[in-house]
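Q: A predicted structure for the sequence below; I have some questions about it.
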Amino acid sequence: MDRLMKRILPASVAMGAGVLVLLGYLLPNPLLTTVQGELIRWAIIVAAFAFILGFFNILRVHLGRSRKSGRIYSLMLVLSALGSLGLTTVALLLPPFRVLGDWWFRYVLSPLQATVAGLVAFVLVVALFRLVRHRREAGVLIFLIAALIVLLGTLPVPALLGDRVVALRTWWMSVPAMAGMRGLLIGVGLGTLLIGLRVLIGADRPYSD
Amino acid sequence: MTADLIGLIVGTLLTLMVLSYILGDNPLYRLALHLLVGVTVGYGVAVTVVTVLQMTLPALRGNSADRVGVAIPLILGILLLFKGFPRWAALGNFSTAFLVGVGAAVAIGGALLGTILPQTAAVGSIGTWLQQGLSGLVNGLLTAFGTICALLAFAFADPQKAPLRYIWKGSVGLLGQIGRWFLLAAFGAAFGIALTASLTVLVGRIYAVVMNIQQLLAWWGG
């Protein structure tokens, strides 16, 4: 009974739902397409519950932190999460409070996210510096040349550098970089296909405890 | 003091707290990072919950078929919440299995129809190359060669028998090495693009901080 509940039934659900959705992609049948659309809609709703579960897990982990040095950070995280949840929900559900949600997004969420995204520039430069310092080989040289061509070709100073740099950037992006990225994409696609098929035939069961 | 003015102060402070990382890892930066995680997660959950409510509530008020169509995912969702309690976690296996099954099928469909087939077709689009003359043909062939080499860069298995292994290393191994250079050409380009994008965002934030401070000084001066 335990095996049935924990392994066989969940595997049947995964395989059945997966095969129906996959058939919707592969066979142009209106019924299959409708079933596929409905199952994907259901999955979106269930995924929302997974998001809620993750939210409670974050709260539980951070509320359970007893280490003194990190306690204040965890407390701030919990408070900001609850505050953001409450404020955004109220703003989305009650139109008169929409201005509150806009304020939160404009002056708290947006500056934080944009500045962290901007900070990536520093992290990238430091990582590049470390790469050049520790690894001196042909591959690194190609990497540097590629980065330099793209950076110089992006600079808005064509008169200074000439159109040739822009042309070189365009060529680099559409031939060597495209070839590498295309190979990578096809490789990732084949890997995804293989893992997906393993799940659908039941060889991998990441849902069983 | 208006809400916008408070917002300017809050936004500027948060920006400076994050930027303080340039001086090294410090408590202000860590605090800002924790705030970022909290605020983002809270916002994401709120948007998700409200969207699901807007999706499900009208259907729950509809006919019986609509109700069944919403009741099943809602039951699966509630079962999923049992994953938070170790004793009852097995009840959530059905919901996880459903999510994994649908996710795997969507991933297969996306990989096959959205990546593998169009990218493979683009590798061999000789007609498009010939439209651009000799240079187009050379570039197309070079791209196709680079794509195949980049794919061979992921061939990690070697044949067991000695003569075959030498032939393999001399052909697939060599092409794989060339493929690694093509991959590095792509990574370098992606690095350059990422650096350009993040620099643009950083400049935007610094500009916003300067403007905020100017506005605050103007307000302070009356």
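A: Cool, got the structure. Predicted, not measured: the structure shown is a model, and the values here were computed from it.
Q: And the helices in chain A?
A: A:2-3, A:9-26, A:30-63, A:68-93, A:98-104, A:110-134, A:138-154, A:158-161, A:163-174, A:176-200 (DSSP state H).
Q: Check chain B too.
A: Using DSSP H, helices in chain B cover B:3-19, B:27-60, B:64-81, B:93-109, B:117-123, B:126-131, B:133-152, B:162-168, B:174-220.
Q: got those as TSV, with mean pLDDT, distance to residue A:142 and mean neighbour count columns?
A: All C-beta spots, glycine's among them, are computed from the backbone N, C-alpha and C. Below are the helices of chain B laid out as TSV (pLDDT from 0 to 100; distance: least, C-beta to C-beta, whole Å; neighbours: other C-beta atoms under 10 Å in any protein chain shown):
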stretch	mean pLDDT	distance to residue A:142	mean neighbour count
helix B:3-19	92	33	18
helix B:27-60	92	34	19
helix B:64-81	88	47	17
helix B:93-109	93	32	24
helix B:117-123	89	21	14
helix B:126-131	80	24	12
helix B:133-152	91	12	18
helix B:162-168	80	24	12
helix B:174-220	93	5	18
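Q: could I get these as CSV with distance to chain A?
A: Output for the helices of chain B, formatted as CSV (distance: least, C-beta to the nearest C-beta, whole Å):
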stretch, distance to chain A
helix B:3-19, 3
helix B:27-60, 3
helix B:64-81, 3
helix B:93-109, 3
helix B:117-123, 5
helix B:126-131, 11
helix B:133-152, 2
helix B:162-168, 19
helix B:174-220, 3
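Q: Quick one: residues contacting the residue lying closest to residue A:91 once chain neighbours are set aside.
A: Once flanking residues are discounted, residue A:91 sits nearest to residue A:101: 2.5 Å by C-beta to C-beta, 6 or more residues apart in numbering or on different chains. By C-beta atoms under 8 Å, 6 or more residues apart in numbering or on different chains, the contact set of residue A:101 is A:87, A:88, A:90, A:91, A:92.
Q: Now rank the residues you listed by neighbours and give me the top one.
A: For those, the largest number of neighbours (other C-beta atoms under 10 Å in any protein chain shown) sits with residue A:88, at 24 neighbours.
Q: isn't it right up against residue B:40?
A: No - at 10.7 Å, residue A:88 does not count as touching residue B:40 under the criterion of C-beta atoms under 8 Å.
Q: mind showing which ranges of chain A have poor pLDDT?
A: A:1, A:66-68, A:157-161, A:209 (pLDDT under 70).
Q: could you redo the last one with a cut-off of 80?
A: A:1-7, A:65-70, A:155-163, A:207-209 (pLDDT under 80).
Q: check contacts around the residue lying closest to residue A:36 once chain neighbours are set aside.
A: Spatial nearest neighbour of residue A:36, chain neighbours left out: residue A:24 (2.6 Å); criterion: C-beta to C-beta, 6+ apart. Contacts for residue A:24 (C-beta under 8 Å, 6+ apart) come out as A:32, A:33, A:35, A:36, A:37.
Q: The helices of chain A into JSON lines, with extra columns for distance to residue B:100?
A: Converted to JSON lines, these look like this (distance: least, C-beta to C-beta, whole Å):
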{"stretch": "helix A:2-3", "distance to residue B:100": "19"}
{"stretch": "helix A:9-26", "distance to residue B:100": "5"}
{"stretch": "helix A:30-63", "distance to residue B:100": "10"}
{"stretch": "helix A:68-93", "distance to residue B:100": "27"}
{"stretch": "helix A:98-104", "distance to residue B:100": "34"}
{"stretch": "helix A:110-134", "distance to residue B:100": "30"}
{"stretch": "helix A:138-154", "distance to residue B:100": "36"}
{"stretch": "helix A:158-161", "distance to residue B:100": "51"}
{"stretch": "helix A:163-174", "distance to residue B:100": "37"}
{"stretch": "helix A:176-200", "distance to residue B:100": "6"}
